[in-house]
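Visitor: Output the structure for:
(2 chains)
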2 protein chains.
Amino acid sequence: MYLVPALGLVGLLVMLVKSAWVTKQAAGNEKMTELAGYIADGAMSFLKAEWKVMSYFVVIAAILLAYSGTLVEHSSPVIAIAFIIGAILSALAGYIGMRIATKTNVRTTEAARTSLVQALKVSFTGGSVMGLGVAGLAVLGLGSLFIIFFNVFVPEGAAINGAEMKTAIEVLAGFSLGAESIALFARVGGGIYTKAADVGADLVGKVEAGIPEDDIRNPATIADNVGDNVGDVAGMGADLFGSYVATILATMVLGQEIDSADNFGGMAPILLPMVIAGLGLIFSIISMSLVRITKEDSSVQKALNFGNWSSMIFVVIASYPLSIWMLPETMELRGYEFTPLDVFYAILVGSIVGALMSWVTEFYTAMGKKPVNSIVQQSSTGHATNIIGGLAMGMQSTVIPILILAAGIIFSYSFAGLYGVAIAAAGMMATTAMQLAIDAFGPIADNAGGIAEMSGLPEEVRRRTDNLDAVGNTTAATGKGFAIASAALTALALFAAFVGIAGIDSIDIYKAPVLAMLFVGGMIPYIFSSLAIAAVGRAAMAMVHEVRRQFKEIPGIMEYKAKPEYEKCVEISTKASIREMMLPGAIALVTPLLVGFGFLGVFEETSSAEMLGGLLAGVTVSGVLMGIFQNNAGGAWDNAKKSFEAGVMIDGKMEYKGSEAHKASVTGDTVGDPFKDTSGPSMNILIKLMSIVSLVIAPHIHVGDVNANNNAYMDEIVKISAGEVYAYEGLNAAKVQFSSPNSEMTGDIKAEAFSYDFASEDNVVDFRMKLNSAETSGILKSQFRNVEVRAEELNRGEEGLFQGAAFIILDGNAIPAKLGISIVNEKKILASLSMD
Amino acid sequence: MYLVPALGLVGLLVMLVKSAWVTKQAAGNEKMTELAGYIADGAMSFLKAEWKVMSYFVVIAAILLAYSGTLVEHSSPVIAIAFIIGAILSALAGYIGMRIATKTNVRTTEAARTSLVQALKVSFTGGSVMGLGVAGLAVLGLGSLFIIFFNVFVPEGAAINGAEMKTAIEVLAGFSLGAESIALFARVGGGIYTKAADVGADLVGKVEAGIPEDDIRNPATIADNVGDNVGDVAGMGADLFGSYVATILATMVLGQEIDSADNFGGMAPILLPMVIAGLGLIFSIISMSLVRITKEDSSVQKALNFGNWSSMIFVVIASYPLSIWMLPETMELRGYEFTPLDVFYAILVGSIVGALMSWVTEFYTAMGKKPVNSIVQQSSTGHATNIIGGLAMGMQSTVIPILILAAGIIFSYSFAGLYGVAIAAAGMMATTAMQLAIDAFGPIADNAGGIAEMSGLPEEVRRRTDNLDAVGNTTAATGKGFAIASAALTALALFAAFVGIAGIDSIDIYKAPVLAMLFVGGMIPYIFSSLAIAAVGRAAMAMVHEVRRQFKEIPGIMEYKAKPEYEKCVEISTKASIREMMLPGAIALVTPLLVGFGFLGVFEETSSAEMLGGLLAGVTVSGVLMGIFQNNAGGAWDNAKKSFEAGVMIDGKMEYKGSEAHKASVTGDTVGDPFKDTSGPSMNILIKLMSIVSLVIAPHIHVGDVNANNNAYMDEIVKISAGEVYAYEGLNAAKVQFSSPNSEMTGDIKAEAFSYDFASEDNVVDFRMKLNSAETSGILKSQFRNVEVRAEELNRGEEGLFQGAAFIILDGNAIPAKLGISIVNEKKILASLSMD
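Guide: Next up, the predicted model:
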């Protein structure tokens, strides 16, 4: 258990070493450092503004959480502390990334003056620092908090799948909630910032004033470069931190339900995802050292792919012995039995899904492939056909990913049930450090290019950074494919965790209120996207007006005589993005609360928890589709535009930059910008955040809440009569009737001897009783879901007879019961259960 | 029962009268009739080509259906005949509409030479002919087939909610399948045709050659006008015919399950939707006579609204006494009890939802309102911001309709269960004749304007037709809002009908395979839209090349010396649209088959029927969202462009046609064209068609299929032991145990005395036994779902004792059983059930 935070610490230490190395590199001439300083200051000022707003939110949310933690049994006010730590670490993850990115950018420019080899080394090391920081913080934070909460909440000897452990993990969900909330705001806010600055700078600078991109005369150019850092670096860092934590947490929640006879005190299924994450961190460190090129004309893409693939393969290979070693021979989760080998297969499925998703995304967004080329061709007949082509392509690009995802869900579930789905996602996310290193290096290279341009460095420097930047565009797209796939699996796992904690046993869309919520859920990604896209439009307009004003009111800008007021533009982007991120963020946070509490007890046949389940399913399906559609359409439009730089053949004629077709492709790119950098990548956070909010409120909308705190009452109303259970070979389930003074509460308990051995001398019977909840009616329904008789404490008598004390766990509360089992003969067990 | 086809006949007779009146009107000068002739010929040649392809499809599908009808019990080869009749009537509905539209267009032009009053009268009468034709055929066809199948399949005295009636209605589903299949192909094919011709004609004519719209020198101009008829008239006619039939059918399927003690032999819940449809037709005829204007400057919109509203209000008012008169005092459907008043409330809910949806759609797409204005403003900064604005607006416009829809589902369900949801949709659709008259008048006016332009008539003629055309644009948009809402409710009703016939009792998205199918289903509208949009792009390009060729190779076109080869362009549109409609159509038809049969028996815990249910839910939710998004975005872009005709104020400056902002708005309009006229309106057919296909295959993938044809086996394995049922006042349900030699098949039957009267001298007991399916296990599960003991034939003995023969319906098969009931005292009934 202590290994996990230790591995996290190792990651952070390596990060410090790498960070020190980057800092030691030369930062270039005075002009370069001055520009880099502006960018770093602008980025910090955004982060500070964001943090200020976020801190209000965190404090208020923490107070509400602490209060709510006192209300129900399976929670605790401590959840507020977990929430705050999650929020702070998430913000810290973004900060580390942005800090190192704003140092690395100028050093990459300087390195690019000498060689591509060196430029890649510097920029990728910068990316690695971020990757290790995010993953290290996640592993350390989650691992340590788990140990602390385990010690605080779970008394010695308590069952791992009992109520106390459930509370410990429910409290840990607060950590994930904190991380994911900050992630959403950081991603949306950063996304609005970067695209507002980008679009605004281009519209006035390139189009109206006719100056090139990244020209220092453009007042918005610093804001544009800041945007790369706050959106693509800090936003993405917080995003992946949140995703990483959510995925591991979802697996832990499900693992807690497994009754595991292992060597880790029954905790192996809970610890496994954390251990895999820890090892994934170490494998990422190893693989990072494999990313290098030796010559000026080596393929950067290949070097990155090599590192990426090797880290994934390491994780898959290591997870085989790990699963076999840690997990017990068989496990069962909600009636689904599986073995350690099945768990390994599920991890394998997850890795394959991740790899295929990246590959398909690359196909749909890479230059030179059919999809991008078809958009290029359609640019020849104007803006409209370019847009139609991109939209149609984006929609089409959902087909294969969805089929892959559906197959992934089915296979990972077939192998190891819901735990399989969760661990598949955890396996995919294990190499987050490496993924992030590859992702973060893109915007660093982009910035390096900007600095080169602004400082007027020679052409070859820009050429080298452009090489890195182009590779960065592809890795950004594939990273998004990976993120959306892991989000879908994680959401499903969180969904399952929610179902367990809310005490429902199905989400039946055949019920009208559930179907209605499926519609509402499906609509959320539309309104979220609409708000995000419209926000970019509005913020860009504000930027345009400011730049126009400066050109008009500050004389001498165009002649390099006066310095533009960069900070004004930075301020506009900052203010606009922080203002505009509020509403979409609020929708994601508040909708589950409205549905969960608003419909509490409204419908007799349908619980609000089940309706909330329908909402989550709608959000997940619609969000995944919108995410893939927007990311791929945006990526394809971008690269269709880039294709014109080298020239493209349309109707037998070569077309270059500046042609009418190129102008049409610029329109597509501008439309695609908010798609691919603001709303598209927010979808995966939206999905997960809504699931986590639901998970956190699950104990409050628990279906059987009426008596949840009232053991005495439960005890009183239920009498289990002396029903008899027969267990034969090949038939190990039968029924015990139970009844209560209140005649409505009659029903049957399905009894199941899940392990018995007649052949050996030493007769062993393990006994379990399960209530098929549909067999009862009224309020007892959910309380009975977890009835279980544990037979470990049975006295072993002579052959043919066991007699001993047992207890029934009613919704987590142990109630004494009497269980008599006698072995009549080799083929027959007779059991009786009674309570008094 | 015979009233329904009679009302249909009345509708068709009124249609003939109106049609004769239109034909009598003057058709204008020679030039006008020549042009109208080209349009009529082009439209006919498309219909012929479409019918040819469709006839292959219909024959093959009919053979497959006939064969499949022999395989299972609840079907019959007769379904193939129903299918063919449905297909033919659907095609006929389109034909009638197109025939009258191509006559009315030129007569409207001629009428517009005198006055607006007369022009509206002619064009609206043309629309009325179409509306009455479609609705009349639907009511007549459905009503007569129902009578025929009822007489063929249901022997005298058989229970209405028994197996025979189920077969009769399942066969009737073939009619709906035929209608909806043709509708999909007609809508998609017509949609591709009209937009390919429109976009193609504009790109070369307006942009390259610089000639105005509807100029006779443009070879594609006839194809463009033909497109209005085949897409907006014939396509829409087949669409609404299919929707109308599907909605009524869904209500009938659910009504069949209701055990109704009414004056119509238990058929009131089945007949009600047909009677409402018949009355709706009559009310539509009455309301049509209210649509008139008296002066040249009267508001056409108001006149149409007055007619529309009055027909809706008539239907709502009439449905109150109708429900009370026809329906029994209480009904029950799948455990949900409701009264005739509840049914009336559900109809009211449906009408309110329809009205609100139209109203919201109008808000989002009408000129002068905030959404369209914001797109106009965003056009000032270029093509990209116009597109972003339209996309964001379209996404945003899903919010309120989805909330209305969700509320509508919940309320109509709360009132009258699933029957309430279905009848709400049926109530909405009752005024289809009126709706369609209003919808069809738009393209007629559009064509009339085209003819006026091509024949060089005076300016004021064009002004009058433009007035009508503008109103037509708004009614088209609101009609689409109405259509999507009714489709969502109908799909839910079909969904419920599917669940019943497939023998499943829940669709649990918490099961991984079901969730996986929810993803796949959600993706279908994306690929469908992508194909439809891309098809328009490709077909438009082919048109562009042909027009360019004619301008080059036929000298003298531009000087009016040579006549362009109109028929070549017509042919291109025809061929392209028929080729391109195949794949999307096939996806809609084949996907349910693949899922239903492909996963049959694959997963132990999850039936393929349940997975198919997940697929349908995904398609419905995603399709409704995509439909609203595309229709509204397209409509808003169109009207944003139109706003420039009168001039708009942007940043304090007036902008008109020809400005840069206007050019950007034209881009938006072109992108929106396939959205709003091809893929968007196809969504509602896609949703319903997939549901109907599933409904038709439901008996084949029935969950308990193993023994479905094996009554003897069923009889043999189930023995109902002498269990005892006690029914007390206030507790009229108890349990009877049953068992079979195979020990797996033990279980309980819930017995329910649903009507008994102790107070009177004449003691009456109606007895029913229901199996809670979750209480059994294994393959008996679904067979038992409908266990019911009918006590009508019980001998009435002395007070205190009833003894007589009864039968148990096991999945539709009656099995003899012995039921003894004795009334012990006023408070207690003792019942025993046995089978041997």
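
Visitor: List the buried residues in stretch A:347-361.
Guide: A:347-358, A:360-361 (16 or more other Cβ atoms under 10 Å in any protein chain shown). (Glycine included, C-beta is placed from N, CA and C.)

Visitor: quick one: what helix or strand has residue A:71 in it?
Guide: Here residue A:71 sits in a region with no helix or strand, counting by DSSP states H and E.

Visitor: The closest residue to it other than its chain neighbours: neighbour count?
Guide: Once flanking residues are discounted, residue A:71 sits nearest to residue A:700: 6.6 Å by Cβ to Cβ, 6 or more residues apart in numbering or on different chains. Applying other Cβ atoms under 10 Å in any protein chain shown, we find 19 other residues in the vicinity of residue A:700.

Visitor: Now do residue A:700, the pLDDT please.
Guide: According to the prediction, residue A:700 has pLDDT 82.

Visitor: How much space separates it from chain B?
Guide: 20 Å (Cβ to the nearest Cβ, to the nearest Å).

Visitor: show me what contacts that residue?
Guide: Counting by Cβ atoms under 8 Å, 6 or more residues apart in numbering or on different chains, residue A:700 touches A:68, A:71-72, A:75, A:596-597.

Visitor: three-state assignment of it?
Guide: helix (DSSP: H, G, I helix; E, B strand; the rest coil).

Visitor: do the same with residue A:559
Guide: Under three-state DSSP, residue A:559 comes out as coil.

Visitor: Can you name the helix or strand that the residue nearest to residue A:66 when sequence neighbours are not counted falls in?
Guide: The shortest distance from residue A:66 to any residue other than its chain neighbours is 3.7 Å, reached at residue A:80 (Cβ to Cβ, 6+ apart). Per DSSP H and E, residue A:80 falls inside helix A:78-112.

Visitor: So which elements touch that helix?
Guide: If you count contacts as 3 or more Cβ pairs under 8 Å, 6 or more residues apart in numbering or on different chains; DSSP states H and E, helix A:78-112 packs onto helix A:3-24, helix A:30-69, helix A:116-153, helix A:163-201, helix A:236-257, helix A:432-454, helix A:459-502.

Visitor: so how far is it off the chain centroid?
Guide: On the basis of Cα atoms, centre = their mean, to the nearest Å, helix A:78-112 sits 17 Å off its chain's mean C-alpha point.

Visitor: In it, which residues have enough neighbours to count as buried?
Guide: Buried-residue list, helix A:78-112, by 16+ other Cβ under 10 Å: A:78-112.

Visitor: pull the helix or strand with minimum mean pLDDT from chain A.
Guide: The helix or strand of chain A with the lowest confidence, counting by mean pLDDT, DSSP states H and E, is helix A:711-717 at a mean of 33.

Visitor: so what's the residue of the stretch 201-350 of chain A found nearest chain B closest to, chain neighbours aside?
Guide: At 6.5 Å from chain B, residue A:203 is the closest residue in the stretch 201-350 of chain A, using Cβ to the nearest Cβ. In space, and not counting its chain neighbours, residue A:203 is closest to residue A:544: 5.3 Å by Cβ to Cβ, 6+ apart.

Visitor: For the one you found, give me its contacts.
Guide: A:200, A:203-204, B:381 are the contacts of residue A:544 under Cβ under 8 Å, 6+ apart.

Visitor: quick one: the helix or strand it falls within to helix B:512-553, angle?
Guide: In the assignment (DSSP H and E), residue A:544 maps to helix A:512-553. The directions of helix A:512-553 and helix B:512-553 differ by 50 degrees, with axes from the mean of the first three to the mean of the last three Cα atoms, to 10 degrees as the criterion.

Visitor: now helix A:512-553: mean pLDDT?
Guide: pLDDT averaged over helix A:512-553 gives 90.

Visitor: how about the helix or strand just after that helix, does it reach chain B?
Guide: Remark: after helix A:512-553, the chain's next helix or strand is helix A:566-580, criterion DSSP H and E. No - no part of helix A:566-580 sits close enough to chain B to count as contact by Cβ under 8 Å from any Cβ of the partner chain; the gap is at least 12.4 Å.

Visitor: How much space separates residue A:465 from chain B?
Guide: 26 Å.

Visitor: wait, isn't that residue in contact with residue A:457?
Guide: No - using Cβ atoms under 8 Å, residue A:465 is not in contact with residue A:457; the gap is 9.4 Å.

Visitor: what do these two both touch?
Guide: residue A:109.

Visitor: neighbour-wise, which of those two wins?
Guide: More crowded of residue A:465 and residue A:457, by other Cβ under 10 Å: residue A:465, with 30 against 21.

Visitor: Spatially nearest residue to that one (excluding sequence neighbours)?
Guide: residue A:449 is the one closest to residue A:465 (Cβ to Cβ, 6+ apart), at 3.8 Å.

Visitor: try residue A:160
Guide: residue A:266 (3.7 Å).

Visitor: Tell me the secondary structure of that neighbour, please.
Guide: coil.

Visitor: And it, how close does it get to residue A:331?
Guide: For residue A:266, the distance to residue A:331 (Cβ to Cβ, to the nearest Å) stands at 11 Å.

Visitor: neighbour-wise, which of the two wins?
Guide: residue A:331 (25 against 20).

Visitor: right, and the more buried one touches residue A:257 too?
Guide: No - Residue A:331 is beyond contact range of residue A:257, at 10.0 Å (criterion: Cβ under 8 Å).

Visitor: The residue nearest to residue A:203 and residue A:209: what is the separation?
Guide: Per Cβ to Cβ, residue A:544 is found 11 Å from residue A:209.

Visitor: repeat for residue A:81
Guide: Residue A:81 is 52 Å from residue A:209, where distance means Cβ to Cβ.

Visitor: for residue A:306, same thing?
Guide: For residue A:306, the distance to residue A:209 - Cβ to Cβ - is 44 Å.

Visitor: ok, now residue A:571?
Guide: Residue A:571 sits 21 Å away from residue A:209, going by Cβ to Cβ.

Visitor: where does residue A:658 fall, helix, sheet strand or coil?
Guide: coil.
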